[in-house]
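Novice: Coordinates for the following, if possible.
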Amino acid sequence: MDAKMSFGADRAHALAMFAAIVEQGSFSAAARQLGLSPSAVSRTVDRIEARLGVRLLLRSTRALALTAEGQSYLQAARRILADLDDAEQQIADQGAPRGRLRVSAAHSHGRLCVVPLLGEFAALYPHILVDIALTDAVVDVAAGQADVAVRFGPLADSALTARKLGETRRVIVASPDYLARHGTPQVPEDLHGHNCLNFDFRRVEPVWPFSRDGRDFALSVKGNIEANNGETLGQLAAIGVGIARVGAFSVAQELADGRLVPILEAFNPGDVEIIHAVFVGGASVPARIRAFVDFLAARLSRSKAAQAA
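Specialist: Residues are numbered from 1 along each chain as shown. Have a look, this model is predicted:
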């Protein structure tokens, strides 16, 4: 430490010591609080008064009293020490994972893939308060509506930073009971005779993509129920209502236990959706955001629910 830095550190130490003397009411009490000897505390005050050329404290065997200059010095010391504490806290907040973290995720993916990981994340980072909102609406991260949003598919051009978390492919599924009652489609065109459950997203006509002999094509399908998330469509398919085309993650458990089976796999075009975390990037990304995005990327990239089934 050079002379200027040492002098600055000594002055900050002296300010804290002077404030402690006034708060404790005596040199000896301040010395006990600071773990110093009373003589060391007294010498520090003597040096401050000698440097300033004024008396700060009137000392007697019974009590200490502040002079007018001492009162001004105390006010300045408290203000400087408070500013120093604030500056250190701000820097600590940038460097250490702490504070409130607002996360937005889609209903199905959030419930099935993100929420089950939060217990582990909370154990790893106990000073981060996770505030998660599950919604299929696209929140405005740039406007501060969330710190991190988990999104599927192509991303709109923006100034946001995107980090790949994983991927999932679409799969067409039906329950064994439904197929026993209505027959198993052998080619995509067979779907015209089935109840195809669809998303209620705005578009001209529901179509499902397929591939045959190296060529991709789209097939119009119809059904009597629509929903805004794949988990709901998967549940409907699992109870035999119809056939659904959903993200593999949303029906991973139903496929694993046999309540749903994949169909028309030979015609699956391999349409993979990339899962991203989006957030406001730059050099000053808070540590809590970096920690959460790194955590999700590590967990979801190796999760079978987030990978192509």
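
Novice: Contacts for stretch 53-69, please.
Specialist: 18, 21-22, 25-27, 45, 48-49, 52, 70, 73-74 (C-beta atoms under 8 Å, 6 or more residues apart in numbering). From N, CA and C alone the C-beta is placed, and that goes for glycine too.

Novice: Please apply the same query to stretch 276-290.
Specialist: Stretch 276-290 is contacted from outside by 93-99, 101, 125, 128, 141-142, 147-152, 155, 158-165, 293, 296-297, using C-beta under 8 Å, 6+ apart.

Novice: Please apply the same query to stretch 97-110.
Specialist: 92-93, 114, 125, 127-136, 139, 141, 145-152, 228-232, 247, 249-250, 275, 286-292.

Novice: For that stretch, give the mean pLDDT please.
Specialist: Across stretch 97-110, the average pLDDT comes to 90.

Novice: go on, stretch 72-83?
Specialist: pLDDT averaged over stretch 72-83 gives 88.

Novice: export that stretch as CSV, just CAs?
Specialist: C-alpha atoms of stretch 72-83 as CSV (Å, rounded to 0.1, in the frame of the first residue of the first chain):
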residue,chain,number,x,y,z
SER,A,72,-19.3,19.3,12.9
TYR,A,73,-16.6,16.7,12.6
LEU,A,74,-18.9,14.0,14.0
GLN,A,75,-21.6,14.8,11.5
ALA,A,76,-19.1,14.7,8.7
ALA,A,77,-17.6,11.4,10.0
ARG,A,78,-21.0,9.8,10.2
ARG,A,79,-21.9,10.9,6.6
ILE,A,80,-18.6,9.7,5.2
LEU,A,81,-18.8,6.4,6.9
ALA,A,82,-22.4,5.9,5.7
ASP,A,83,-21.4,6.7,2.2
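
Novice: ok, residue 133 to residue 228 distance?
Specialist: Distance from residue 133 to residue 228, counting by C-beta to C-beta, to the nearest Å: 16 Å.
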